[in-house]
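[1] give me coordinates for this.
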Amino acid sequence: MASHLNETLADLTVILDNEIFIGCTLQRCRVIYAGGDFTMDPATNVIECTLECTGAANRVMKALQAFNLLSKNLPGKPQPGSEQPIQ
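    Numbering: from 1, shown residues only. Okay, here's the model as predicted:
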């Protein structure tokens, strides 16, 4: 796993899988998660980022939505024609 310690990542595409984030700031990033392991400590801040789930993570999201365990319009989930930021 690649480690990020006290880094500020801004205006980038960040893939969560196989990454460790400690004390970082992700700002205005496109965050992609496919369902793999990652670590993000509570001191890491995520500001105005969008979350895109792919692969296994997307399938889990669809299953949770099918069982009404998640909203159909999740914050941070890109909607057709627009992007909604995670606050």
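[2] same question for the helix or strand containing residue 26, mean pLDDT?
    Per DSSP states H and E: residue 26 is located in strand 25-27. Across strand 25-27, pLDDT averages out at 98.
[3] just checking, what packs against that strand?
    Identification of packing neighbours for strand 25-27 by 3 or more CB pairs under 8 Å, 6 or more residues apart in numbering; DSSP states H and E yields strand 8-10, strand 45-47. For the C-beta atoms, the positions are set from N, CA and C on the backbone; glycine is no exception.
[4] wait, residue 23 touches residue 3, no?
    No. The criterion here is CB atoms under 8 Å, and residue 23 misses it with residue 3 at 10.9 Å.
[5] give me the phi and psi for residue 55.
    Phi and psi for residue 55, reported as degrees, to the nearest 10, are phi 50, psi -130.
[6] tally of neighbours for it?
    Around residue 55 there are 13 other residues, counting by other CB atoms under 10 Å.
[7] distance of it from residue 26?
    20 Å (CB to CB, to the nearest Å).
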